[in-house]
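# Have a look at this prediction, sequence included:
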Amino acid sequence: MKIPLDYLCVKSGLLCNRCQSLVDSGQVDPSEIDIMRILLELEETQFKELKDATYYKAIKVDNLLILLVSGGPSMTIQKWIKVAKALQDKLGMKVRIIEKTSNIKNSAIQLLSPARVLGVNTVWLPDGSVQYVIRISKAEKKLLPADAPDLETALSKIHDTRVKIRVE
């Protein structure tokens, strides 16, 4: 698996100057090192397909961990679900793995599943910024993997823009 830090640094826990500067600058959170270590262990033991995958970021919101990745040609959705389950068992928290994409609707569909996304509205605010409103039905609110405000925070961090979830 391709990761932002050096393999040796992640496995040993001792960071070289380059890796330490990435952690100090905030590009890599210190808690992500353990996640990367577990992913590398899973690649060696259970999931050889992770060799072609790329890890980008982990976002922790309440008791939900969201991993941004891109898979190789051999990685299917079912395999990502198995990797998420293995991570869930090792970390003791809910894990959701989503493919990195610039499309907010695709990210929302992956993150909010099994709740269905009715649509995504773009709201242009008076200050010139953009806010996205993701609409889901009231009947499917209970299917969300976490609280709506937590999911809004996660999607906002993923896309670096304001995101709201509206239940209608």
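Here it is on my side, so go on. Residues are numbered from 1 along each chain as shown.

# Can you classify the residue lying farthest from the centre of the chain by secondary structure?
No residue in the chain sits farther from the centre than Pro126, which is 30.4 Å out by CA atoms, centre = their mean. Here Pro126 is coil, with the state taken from DSSP: H, G, I helix; E, B strand; the rest coil.

# start at 868 instead
From this message on, residue numbering opens at 868, which makes the last subject Pro993.

# how is the protein carved up into domains?
Following automatic domain parsing, one gets these domains for the chain: 874-966, 971-1034.

# any idea which of those scores lowest on pLDDT?
When those are compared by mean pLDDT, domain 874-966 comes last with a mean of 87.

# what's the residue nearest to Leu1011 when sequence neighbours are not counted in contact with, if anything?
Nearest residue to Leu1011, sequence neighbours excluded (CB to CB, 6 or more residues apart in numbering): Ala982, at 5.2 Å. Every residue, glycine included, has its C-beta placed from N, CA and C. Going by CB atoms under 8 Å, 6 or more residues apart in numbering, Ala982 touches 1003-1004, 1007-1008, 1010-1011.

# And Leu934, by the same measure?
Here Leu934 is in contact with 902, 922, 924-925, 951, 954, 962-965 (criterion: CB under 8 Å, 6+ apart).

# again, 7 Å this time
925, 962, 964 (CB atoms under 7 Å, 6 or more residues apart in numbering).

# any chance of the residues you listed in TSV, with distance to Glu1035, secondary structure and neighbour count too?
Listed next are these as TSV, based on distance: CB to CB, whole Å; DSSP: H, G, I helix; E, B strand; the rest coil; neighbours: other CB atoms under 10 Å:
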residue	distance to Glu1035	secondary structure	neighbour count
Ala925	31	strand	22
Val962	29	strand	22
Ile964	28	strand	23
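
# Adding distance to Cys886, write these out as CSV.
Formatted as CSV, the contacts of Leu934 follow (distance: CB to CB, whole Å):
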residue, distance to Cys886
Ala925, 16
Val962, 24
Ile964, 23
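
# Toward the C-terminus from the host helix or strand of Leu932, list the very next helix or strand.
Taking DSSP states H and E as the definition, one finds Leu932 inside strand 931-937. Next helix or strand after strand 931-937 toward the C-terminus (DSSP H and E): helix 944-958.
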